[in-house]
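Chemist: Okay, here's the prediction I keep looking at, along with the sequence it came from:
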Amino acid sequence: MINIRRIEYRLNENPEQTFTRLKWAVEQVDTLLTSLLTNSTLDTNRPWVGVLCKERLSFSLIEPKSMISPNPLQLVVKGEVSNENKNTIIRLRIQLGPYPTIFLGLTFILIIALFTSTLVNLGTKEMLGATFTVLILFTLIAVLTNRALLKTETKLDQLFDE
């Protein structure tokens with residue numbers, strides 16, 4: 001999975017209080033693998049579904065999705081909690097899920113194939129059309145990823161800001 005953003009929060013509480021807060025906000029599951037592969041989670045009213053490991057002070061979270069309204073742009077939040085000078089530091093990595101990562105890889109392969117065939121077989125007029133198509137595809141991916149990222153960051157701010 002591809003890291004797309006790193007965030008750090010500093011809280012004036014101990015790690016146990018942080019994990020208590022996480023337990024209230026997260027519907028705990030044994031593993032996220034099934035949820036990531038099926039692109040759906042169990043039905044819950046909580047804002048997050050995830051795995052909490054209090055012994056290692058780490059967690060993995062995803063937003064809940066139903067089978068009726070799946071979201072193809074999966075974001076996975078992986079976090080580590082550490083204690084430093086009476087403050088709790090939460091380091092988060094926001095990553096693309098497996099399906100968006102595969103889609104992005106296939107998009108790059110398509111773009112390389114498109115440019116290669118255009119350079120070999122077509123003229124400059126067709127090259128402009130192919131370039132325009134690629135720019136539209138990249139813009140669409142960037143806008144959708146940014147929109148999902150902002151939504152996820154807002155939910156994380158609500159969870160970790162005091």
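Modeler: Received, thanks. Numbers count the residues shown, from 1 in each chain.
Chemist: helices or strands next to the top helix by length along the chain in the packing?
Modeler: The single longest helix within the chain, with elements called by DSSP state H, is helix 124-160. Helices and strands touching helix 124-160, by 3 or more Cβ pairs under 8 Å, 6 or more residues apart in numbering; DSSP states H and E, are strand 3-11, helix 15-25, strand 75-84, strand 87-96, helix 98-121. Every C-beta, even on glycine, is put in place using the N, C-alpha and C of the backbone.
Chemist: Return the angle between stretch directions for it and strand 75-84.
Modeler: If you take axes from the mean of the first three to the mean of the last three Cα atoms, to 10 degrees, helix 124-160 sits at 40 degrees to strand 75-84.
Chemist: how close does the closest residue to residue 90 other than its chain neighbours sit to residue 81?
Modeler: Nearest residue to residue 90, sequence neighbours excluded (Cβ to Cβ, 6 or more residues apart in numbering): residue 9, at 4.3 Å. The gap separating residue 9 from residue 81 is 10 Å, by Cβ to Cβ, to the nearest Å.
Chemist: How far does the longest helix of the chain sit from its chain's centre?
Modeler: For helix 124-160, the separation from the chain centroid amounts to 14 Å (computed by Cα atoms, centre = their mean, to the nearest Å).
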